[in-house]
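In: Let's see this in three dimensions:
(one chain, ligands or ions: 1)
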Amino acid sequence: MSRKVIGIVMNGVTGRMGYRQHLVRSILAIREQGGLALENGQLLWPEPILVGRSEHKLKELADRHGLEHWTTSLDEALAHPLTEIYFDAQVTQAREQAIRKAIAAGKHIYTEKPTAESVEAALELARLARDAGVCNGAVQDKLFLPGLLKLKRLVDGGFFGRILSVRGEFGYWVFEGDWQSAQRPSWNYRAEDGGGMILDMFPHWRYVLDNLIAPVRSVYAHTATHIPTRVDEQGKPYQATADDAAYGVFELEGGITAQINSSWAVRVDRDELVEFQVDGTEGSAVAGLRNCRFQHRAGTPKPVWNPDLPATESFRSQWQQVPDNEEFDNGFKVQWELFLKHAVTGSPYQWDLLEGAKGVQLAELGLRSAAEGRRFDVPELEI
Ligand SMILES: NC(=O)c1ccc[n+]([C@@H]2O[C@H](COP(=O)([O-])OP(=O)(O)OC[C@H]3O[C@@H](n4cnc5c(N)ncnc54)[C@H](O)[C@@H]3O)[C@@H](O)[C@H]2O)c1
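Out: Coordinates of the predicted model:
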């Protein structure tokens, strides 16, 4: 089998997502499995070229994983003879400029979400990539999670009948940083640094709803900054200027109502950190990251409201688990493999920068809705 080495500039690999999910769990995992077999008989070998701001951090990371290529210069990385793909997991604010540069250098683009800070910028990136004829993709990892793949299986099999509504609960307590350190970076809580719940999570909710249930047609959002002061990585108190919770109501095509609460100031009383309940005329399901439980109309209890009596049945025990029926790999890695194949062989790939721009569009409209207290239609996006 002939081996094709493909250089991937990985920018932002010292960060949480760039390191754990993209470098270690995706690109290095593909190398550990011996590369990626292509249908044309070639074996694809991804060669990361690490880019970041700190020489010391990059060198340490490269040494830890036995990697050869790293630099603090994006230009140098893009000019490397092996480079074919540019990947961006930097803080959101740094993304647009770097992607523009990579497109101008003729590289394929793969990027974390949100793809840009405004819908105009996100669409412009999609346009530039199209005009340059480069392959492009945006991370939509939740679609590749076992729990949501099982939910999709139920949708595709017609389990729900007519879908009526979706309710999502996402979140957990993010420590304030005073008596226990915060488990998320401080920029996430500063609007001026590209932080905020809506900008972070609405891009996810857009592709989850669009792809699994039905296209999003309108949005109403209410936001809050529940914790106004936090303590940063240096132990210094700062003002949280961004929303740390967003309560969204979305109207989907076909009259489906979706309602998703997202909060970093909530304590978890759920089986998983995110759960979506889908109710349909024929049955309901609750999908999380890994599991999905369901209840058919034939197994639906008939509770009678009587607050004078204790609950007479255990509602949670009346649901059944959707079986795995297949092996699930890491969602980020699965999407990376699809993108790599697309970039090398031209195989179909639907999660492109235009799809990424739709996520930014929902975030932008969500923020406007929260600021103005109005519901907004979500128009079709075109490039
Ligand atoms: N797909 C997902 O589920 C998911 C989850 C979390 C974050 N993200 C996205 O990934 C991106 C990175 O998030 P993260 O949580 O890994 O953040 P992080 O703060 O842990 O990492 C940010 C990276 O950007 C680099 N960087 C470049 N310019 C910078 C600057 N001016 N200031 C600070 N850092 C700079 C940092 O060195 C670091 O490598 C964000 O765009 C975020 O929206 C996606």
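In: Please name the nearest non-neighbouring residue to residue 40.
Out: residue 345 (6.1 Å; Cβ to Cβ, 6 or more residues apart in numbering). (C-beta placed from N, C-alpha, C; glycine too.)
In: Now do the helix ranked longest in the chain: which elements does it pack against?
Out: Across the chain, the longest stretch assigned as helix under DSSP state H is helix 353-372. Helix 353-372 sits against strand 108-111, helix 119-132, strand 136-138, helix 197-208, strand 216-224, strand 245-252, strand 376-377, with contacts defined as 3 or more Cβ pairs under 8 Å, 6 or more residues apart in numbering; DSSP states H and E.
In: out of these, which comes closest to the ligand?
Out: When those are compared by Cβ to the nearest ligand atom, helix 197-208 sits nearest the ligand, at 5.5 Å.
In: Mind giving me the packing neighbours of that closest one?
Out: Identification of packing neighbours for helix 197-208 by 3+ Cβ pairs under 8 Å, 6+ apart yields strand 216-224, strand 245-252, strand 256-263, helix 353-372.
In: The longest helix of the chain and the ligand, any residue contact?
Out: No: under the criterion of Cβ under 6 Å from any ligand atom, the ligand is not reached by helix 353-372; the shortest gap measures 10.3 Å.
In: Equivalent analysis for stretch 21-28, please.
Out: No: Stretch 21-28 lies apart from the ligand when judged by Cβ under 6 Å from any ligand atom; the minimum separation is 7.2 Å.
In: what's the span of stretch 260-274, first residue to last?
Out: Taking Cα to Cα, to the nearest Å, the first and last residues of stretch 260-274 lie 10 Å apart.
In: quick one: contacts of it?
Out: The contact list for stretch 260-274 (Cβ atoms under 8 Å, 6 or more residues apart in numbering) reads 142, 147, 166-174, 184, 188, 197-198, 201, 205, 226-227, 244-248, 250, 276, 288-291.
In: For the stretch 251-383 of the chain, which segments are assigned as strands?
Out: Using DSSP state E, counting those that start in this stretch, the strands of the stretch 251-383 of the chain run over residues 256-263, 274-280, 283-287, 292-296, 320-321, 376-377.
In: Point me to the residue of the chain nearest the ligand.
Out: For the chain, Cβ to the nearest ligand atom, closest residue to the ligand: residue 15, 2.0 Å.
In: Quick check: chain neighbours aside, which residue is closest to that residue?
Out: residue 89 (5.8 Å).
In: got a pLDDT number for the residue of the chain closest to the ligand?
Out: pLDDT for residue 15: 95.
In: now swap in residue 40 and tell me
Out: Model confidence at residue 40, given as pLDDT, is 85.
In: Residue 346 is in contact with that one, correct?
Out: No: the criterion here is Cβ atoms under 8 Å, and residue 40 misses it with residue 346 at 10.4 Å.
In: how near is the residue nearest to residue 40 to residue 36?
Out: According to Cβ to Cβ, to the nearest Å, residue 345 and residue 36 sit 11 Å apart.
In: okay, those two: which has more neighbours?
Out: Neighbours were counted for residue 345 and for residue 36 using other Cβ atoms under 10 Å; residue 36 has more, 20 against 12.
In: what sits against that one?
Out: Applying Cβ under 8 Å, 6+ apart, the residues near residue 36 are 30, 43, 44, 45, 46, 337, 340, 341.
In: Most neighbours of all the residues you listed, which one?
Out: Among the contacts of residue 36, residue 340 has the most neighbours (other Cβ under 10 Å), with 27 neighbours.
In: can you pull the pLDDT of that residue?
Out: Residue 340 carries a pLDDT score of 98 in this model.
In: Please list the outside residues in contact with the helix-or-strand element of the chain with minimal mean pLDDT.
Out: Here the helix or strand of the chain ranked lowest by mean pLDDT, DSSP states H and E is helix 16, holding a mean of 94. Counting by Cβ under 8 Å, 6+ apart, the neighbours of helix 16 from elsewhere in the structure are 184, 185.
In: Distance from the chain centre to that helix, please.
Out: Counting by Cα atoms, centre = their mean, to the nearest Å, helix 16 is centred 13 Å from the centre of its parent chain.
In: returning to that earlier point: any idea of the mean pLDDT in the longest helix of the chain?
Out: Here helix 353-372 scores 98 as its mean pLDDT.
In: Mind listing what's buried along that helix?
Out: 353-367, 369-370 (16 or more other Cβ atoms under 10 Å).
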